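**Q** Structure for this input, please:
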Amino acid sequence: MEKNASSRPKNLLTLMDPVRAADPSFFNKLDFHHLLRVERMRTERSKKPFLLLLLDISRLIETSQDEKAVNKVKEALKPSLREIDMRGWYNNNRIIGVLLTEIEQIDEAFIDTMIHKIFNRFHERLNPNWIKKIDISYHVFPETKQGLLADEPFNIKLYPDLVKKDFNRKISLFIKNNLFDTLGSVLGLLLFSPLFLIIALAIKATSPGPVFFRQERVGLNGKTFLFYKFRSMTENNDPCTHKEYISRFINQQNTAAVEPGIFKLTNDSRITSVGRFIRRTSLDELPQLINVLKGDMSLVGPRPPIAYECELYDIWHRRRLLAAKPGITGLWQVTGRSRTTFDDMVRLDLKYLREWSLWLDLKIILMTPKAVISGHGAL
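**A** Numbers count the residues shown, from 1 in each chain. The predicted structure is shown next:
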């Protein structure tokens, strides 16, 4: 029976959440995404995996615009799950999500068993024509380190809370990409073009080899791109020394060879005389404006790591590769780089991702020259 505008809800649950009022064990989209985020964070600490099942019923809804059909699917799904498993809308009225947690090990056999169990229940309770229109996919967290640098390294379905963009955020990102980054990189390249020429001539005059150093870096969502800097070392040097240094730094090994917050080797015989100067003044970073213009980077964002750094990441470190392009400068660079451990650096990157705004980007850009001049925040 249809209620009139003056009718009151029967209880507080109805007032707070009509979806859960109809089925208290079925969560709305906002709550389900929150639960998914909590389980991700729990797994980052415990290392115990969880499984996300997604039931796409969009094709069923297209042919049966009927709340009754949705309710029957929800009812048929419930007996297949444990009491601790969580159901809810991953995508409103299109995709039902199921979180299976407290599992010691998730393998293909376990996943096949769960999917077959669900479909068996469906065959018992649903119209066979409906079942043909329901698609099930699964996603395991944590993702493997091998998957970190694949063509599709991060499964965004596991991070809806990080990648969602409301209307205001979309406008802000449009301004960031098209005004801050594109316009800023063009102006920067024009402004610093005399410096580009002087540095290029100095590099060529003092050491054989190319002007630019090119390296593959890891960007947004783990996708790689070609990264540019002015060459500050002799040509064709072995990266093993830097790999060993980075390993000690990320693993928090407090040795005399590791400087807190410093990714560049400062005492290295391979560094040229010109290279030492442009590193100390961060002028070697200027060619990254080309990366910004190409769209691989932003003026502000997390530092873009090298692939072998990512292989050393703990699970929670990986979140710094999500939701924002890497940047030339960032929050950790302007807040005391020389006093920052790797874990603290990642925490600052995550804080930046959580609190991002155009105003924060502008503040970081304005703080960068002082950080570079002081030597505490050289890029």
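**Q** Which helix or which strand is home to Leu366?
**A** helix 358-374 (DSSP states H and E).
**Q** Dump that helix to CSV, restricted to CA.
**A** Output in CSV follows, covering the C-alpha atoms of helix 358-374 (Å, rounded to 0.1, in the frame of the first residue of the first chain):
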residue,chain,number,x,y,z
LEU,A,358,42.8,22.5,-5.6
TRP,A,359,43.7,24.7,-2.6
LEU,A,360,46.0,22.0,-1.2
ASP,A,361,47.8,21.7,-4.6
LEU,A,362,48.2,25.4,-4.7
LYS,A,363,49.7,25.5,-1.2
ILE,A,364,52.1,22.7,-2.1
ILE,A,365,53.2,24.5,-5.3
LEU,A,366,53.8,27.8,-3.3
MET,A,367,55.7,26.0,-0.6
THR,A,368,58.0,24.1,-3.1
PRO,A,369,60.5,26.9,-3.9
LYS,A,370,61.2,27.5,-0.2
ALA,A,371,61.7,23.7,0.4
VAL,A,372,64.1,23.5,-2.5
ILE,A,373,66.1,26.5,-1.5
SER,A,374,66.4,25.3,2.1
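**Q** Report the separation between the residue most central in space within the chain and Trp316.
**A** In the chain, the centroid-proximal residue (CA atoms, centre = their mean) is Leu322; its distance is 1.1 Å. Leu322 is 12 Å from Trp316, where distance means CB to CB, to the nearest Å. Quick note: C-beta positions are derived from backbone N, CA and C, even for glycine.
**Q** ok, and the closest non-adjacent residue to Arg125?
**A** Once flanking residues are discounted, Arg125 sits nearest to Ala76: 4.1 Å by CB to CB, 6 or more residues apart in numbering.
**Q** Just list the residues touching the one you found, thanks.
**A** 121-122, 124-126 (CB atoms under 8 Å, 6 or more residues apart in numbering).
**Q** For the stretch 51-200 of the chain, give me the ranges with low pLDDT.
**A** For the stretch 51-200 of the chain, the stretches with pLDDT under 70 are 63-65, 144-154, 165.
**Q** ok, 90 please
**A** Confidence mapping of the stretch 51-200 of the chain against pLDDT under 90 gives the ranges 58-71, 78-84, 92-93, 102-110, 127-130, 141-174, 177-179.
**Q** Which helix or strand contains the residue nearest to Gly188 when sequence neighbours are not counted?
**A** Nearest residue to Gly188 in three dimensions, chain neighbours excluded: Leu289, at 4.7 Å (CB to CB, 6+ apart). In the assignment (DSSP H and E), Leu289 maps to helix 288-294.
**Q** Any buried residues in that helix, and which?
**A** 288-293 (16 or more other CB atoms under 10 Å).
**Q** Turn those residues into a markdown table, including distance to Ser269 and pLDDT.
**A** Below are the buried residues of helix 288-294 laid out as a markdown table (distance: CB to CB, whole Å; pLDDT from 0 to 100):
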| residue | distance to Ser269 | pLDDT |
| --- | --- | --- |
| Gln288 | 26 | 97 |
| Leu289 | 30 | 97 |
| Ile290 | 29 | 97 |
| Asn291 | 28 | 97 |
| Val292 | 32 | 97 |
| Leu293 | 34 | 96 |
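**Q** Tell me the one among those residues nearest to Val211.
**A** Looking at the buried residues of helix 288-294 and their distance to Val211, the nearest is Ile290, at 12.3 Å (CB to CB).
**Q** Is it correct that the closest one is in contact with Val186?
**A** No. Judged on CB atoms under 8 Å, Ile290 makes no contact with Val186 at a distance of 10.7 Å.
**Q** how does the chain divide up, domain by domain?
**A** The chain breaks down by automatic domain parsing into domains covering 12-142, 163-374.
**Q** Out of those domains, which gets nearest to Lys157?
**A** Of the domains of the chain, nearest to Lys157 by CB to CB is domain 12-142, at 5.4 Å.
**Q** For that closest one, what is the distance to the chain centroid?
**A** 24 Å (CA atoms, centre = their mean, to the nearest Å).
**Q** Over to stretch 350-358?
**A** For stretch 350-358, the distance to the chain centre is 12 Å (CA atoms, centre = their mean).
**Q** So which residues make contact with it?
**A** With CB under 8 Å, 6+ apart as the criterion, stretch 350-358 contacts 162, 172, 175-176, 180, 301-302, 319-320, 322-324, 330-331, 360.
**Q** What are the buried residues along it?
**A** Quick answer for stretch 350-358 (16+ other CB under 10 Å): 350, 352-353, 356.
**Q** taking these one by one, which sit in helices?
**A** If you go by DSSP state H, the buried residues of stretch 350-358 have 350, 352-353 in helices.
**Q** Fine by me, we can end here.
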